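In: give me a 3D structure for the following:
(chains A and B)
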Amino acid sequence: MIDWLIHFSEDLLKTCRDVAPITAIIIGFQVLVIRKPILHPMKTLLGFVNVLIGITFFMDGLKMALFPLGELMSTQLTAPEFLGIPPDTTVADWRNYFWVYLFAGSIGFATTLAEPSLLAVAVKAEEISGGAIRAWGLRIAVSLGVSFGISLGAFRIVNGTELYFFIIGAYIIVIIQTILTPKLIVGLAYDSGGVTTSTVTVPLVTALGIGLATTVPGRNPLLDGFGLIAFASLFAVIAVLTYAQLAEWRNKKRNSSNQSPSK
Amino acid sequence: MFLRNNRFVRQIFSSFLDLAPILVVVLVFQIAVIQQPIPDVLNLIVGSLFVVLGLTFFMLGLEQSLFPIGESMAYAFAKKGSLFWLLFFSFCLGFGTTVAEPALIAVASEAANIAGKGNIIENTTEAKDSYAFALRLTVAVSVGFAILIGVLRIIRGWPLHYLIISGYCIVIVMTPFAPAQIIGVAYDSGGVATSTITVPLVTALGVGLASSIKGRNPMTDGFGLISFASLSPIIFVLAFGIVS
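Out: Numbering: from 1, shown residues only, chains lettered A, B, ... in the order given. Modelled structure (predicted):
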């Protein structure tokens, strides 16, 4: 118990250091530039204490649960006994790792569908487009996009293809889609890439990638371990752009079929 | 009745919802596919409780302190502040919120661990801590810079997609010159930098700005700040890799 308390207070001190800059900035601007007293000083102070305690617990929980969970899943899903391949294999065959892609895809789909900030973006998109884009349709589209992105990322780690080529390919797709999509929705689409990867998903997916690169024969975590988050955000953008194009196309088709009898 | 209206209880519930999809997927795979005993179950359960508890305190604290102050400040600066102060504030807001971002802290320390094991840096706690801190600082500066550019864009009315596409081109040109071990981290840092603290505060700034400038539509012109914030870390971390 004593050990744990010492450990906890050390972590709390670290968190204080992490939160210090934003605290200094807010207080600095409040005192020096805006020059008005803070409305509820006690409540604000209590809020800061809550933030500190929250980050400390969260980081501890990450180390105890989410990081080990990601590593555990990648170890178990790539174990030679589980895959039914000889344990001394030195070259990975990507066809053996079907369950890994499925797991990566499921995590991507489930976490994105439940992501609260995506819900907010989807509701806004429905308003902007005047109902042509449905909030639920968009959420499912983005979840599918992220799910495909993370699976593809897992495939890349297993296969060892360079990250660079995939990213360039995805960029080119985004650029072409940008030209074709109504400009009103483009800003929202770009933003959704950053929004879909939440604080809970990022550590787990990172651990999964590093775990995969460690256990798959012939891969190096230093070179292959990262990149899953990048796939998730890029494919979220592509999914929103695709959905916006489909919605527009459907609308046009409906309009023209409504008009055709009168012609 | 009491339970439903209590903010703490509601927040615990919504934090649990953040974690639930992960737990469901993992459980389904454990039971249906892997069918092996899970080692350290107790640690996993306690850790998950910590994650839920931590997230709850964190979100409650943000709603009590940082969010109201930050939002009212963002609105105040967007409405009347001079251009210099507005840009200065934008930079500081991006920088300050990103430094404290929990996901970034976690990923930076993980990247330092991997770099230490791969002998890119010395495999000591000190070297790893300073590497992780330098990485976080780089990302934070880049987000500050991104918000500054984004605010300037909203004021001047530059089209978003040209800026984003040029950003993509810079990334594509820079990547071949960057050391191979930093590329993955750099690409990931974009998605990592924008989560819990940054998104709400930066969105408040964007919406406040777009609604206070004539001829701007908060629905459409307010967007784009987050996309800059998730693109510029890639460029800055690649540069960090090239320089160090």
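In: every contact and neighbour count from this point should use C-alpha atoms.
Out: Noted.
In: just the helices in the stretch 151-263 of chain A please.
Out: A:163-180, A:183-195, A:201-215, A:221-224, A:228-259 (DSSP state H, counting those that start in this stretch).
In: looking at those, which has the lowest confidence?
Out: Mean pLDDT is lowest for helix A:183-195 among the helices of the stretch 151-263 of chain A, at a mean of 82.
In: close to chain B, is it?
Out: Yes - using CA under 8 Å from any CA of the partner chain, helix A:183-195 comes into contact with chain B via A:184-188, A:190-195.
In: show me where pLDDT drops low in chain B?
Out: B:1-5, B:80-81, B:218-220, B:222 (pLDDT under 70).
In: tell me which stretches of it form strands.
Out: Under the criterion DSSP state E, chain B carries no strands.
In: in it, which helix is the longest?
Out: Counting residues, the longest helix found in chain B (DSSP state H) is helix B:125-156.
In: does it reach chain A?
Out: No - Helix B:125-156 does not reach chain A (CA under 8 Å from any CA); its nearest approach is 9.8 Å.
In: now do residue 166: how many residues are near it, please.
Out: The chain I'm using is chain A. By other CA atoms under 10 Å in any protein chain shown, the residues close to residue A:166 number 15.
In: not quite, go with chain B.
Out: 11.
In: let me see the ranges of the helices in chain B.
Out: Along chain B, counting by DSSP H, helices occupy B:2-5, B:7-29, B:41-64, B:66-79, B:83-99, B:102-117, B:125-156, B:160-174, B:180-193, B:198-212, B:218-221, B:225-243.
In: would you format those helices as a markdown table with distance to residue A:232 included?
Out: Listed next are these as a markdown table, based on distance: least, CA to CA, whole Å:
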| stretch | distance to residue A:232 |
| --- | --- |
| helix B:2-5 | 34 |
| helix B:7-29 | 16 |
| helix B:41-64 | 22 |
| helix B:66-79 | 27 |
| helix B:83-99 | 20 |
| helix B:102-117 | 15 |
| helix B:125-156 | 19 |
| helix B:160-174 | 16 |
| helix B:180-193 | 8 |
| helix B:198-212 | 17 |
| helix B:218-221 | 24 |
| helix B:225-243 | 12 |
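In: tell me the most buried of those helices?
Out: helix B:180-193 (a mean of 27; mean count of other CA atoms under 10 Å in any protein chain shown).
In: relative to residue B:7, how far out is residue B:238?
Out: 42 Å (CA to CA, to the nearest Å).
In: tell me the secondary structure for the residue lying closest to residue B:29 once chain neighbours are set aside?
Out: Nearest non-adjacent residue to residue B:29, counting by CA to CA, 6 or more residues apart in numbering or on different chains: residue A:103, 7.5 Å away. Three-state assignment for residue A:103 (DSSP: H, G, I helix; E, B strand; the rest coil): helix.
In: measure residue A:103 to residue A:155 for me?
Out: 11 Å.
In: now residue A:98
Out: On the measure of CA to CA, residue A:98 and residue A:155 end up 9 Å apart.
In: and these two? Which one has more around it.
Out: residue A:155 (19 against 14).
In: now do the contacts for residue B:149.
Out: Neighbouring residues of residue B:149 by CA atoms under 8 Å, 6 or more residues apart in numbering or on different chains: residue B:228.
In: what sits up against stretch A:21-31?
Out: Applying CA under 8 Å, 6+ apart, the external contacts of stretch A:21-31 come out as A:36-38, B:69-70, B:92-93, B:95-97, B:99-100.
In: in that stretch, what's buried?
Out: Of all the residues in stretch A:21-31, those buried under the rule 16 or more other CA atoms under 10 Å in any protein chain shown are A:21-23, A:25-26, A:29-30.
In: let me have these in TSV, extended by pLDDT and secondary structure.
Out: Formatted as TSV, the buried residues of stretch A:21-31 follow (pLDDT from 0 to 100; DSSP: H, G, I helix; E, B strand; the rest coil):
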residue	pLDDT	secondary structure
A:21	83	helix
A:22	81	helix
A:23	82	helix
A:25	84	helix
A:26	80	helix
A:29	81	helix
A:30	79	helix
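In: which pair of these spans the longest distance?
Out: A:21 and A:30 (14.1 Å; CA to CA).
In: host element of the residue nearest to residue A:143 when sequence neighbours are not counted?
Out: Computed as CA to CA, 6+ apart, the closest residue to residue A:143 that is not its neighbour in sequence is residue A:109, at 4.7 Å. Per DSSP states H and E, residue A:109 falls inside helix A:98-113.
In: can you give me the offset of that helix from its chain's centre?
Out: Its chain's average C-alpha position is 12 Å from that of helix A:98-113, according to CA atoms, centre = their mean, to the nearest Å.
In: could you point out the helix or strand that follows it?
Out: Counting by DSSP H and E, what follows helix A:98-113 is helix A:116-128.
In: quick check: buried residues in that following helix?
Out: Applying 16+ other CA under 10 Å to helix A:116-128 flags A:116-119, A:121-126, A:128 as buried.
In: stretch A:8-17 too?
Out: A:8, A:11-12, A:15-16.
In: any chance of those residues in TSV, plus pLDDT, secondary structure and distance to chain B?
Out: Putting the buried residues of stretch A:8-17 into TSV (pLDDT from 0 to 100; DSSP: H, G, I helix; E, B strand; the rest coil; distance: CA to the nearest CA, whole Å) gives the following:
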residue	pLDDT	secondary structure	distance to chain B
A:8	82	helix	12
A:11	83	helix	12
A:12	86	helix	12
A:15	84	helix	8
A:16	85	helix	9
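In: next, format the residues you listed as TSV and append distance to residue A:257.
Out: Output for the buried residues of stretch A:8-17, formatted as TSV (distance: CA to CA, whole Å):
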residue	distance to residue A:257
A:8	66
A:11	64
A:12	64
A:15	61
A:16	62
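In: residue B:174 contacts residue B:237, doesn't it?
Out: No - look at residue B:174 against residue B:237 with CA atoms under 8 Å: they stay out of range, at 10.5 Å.
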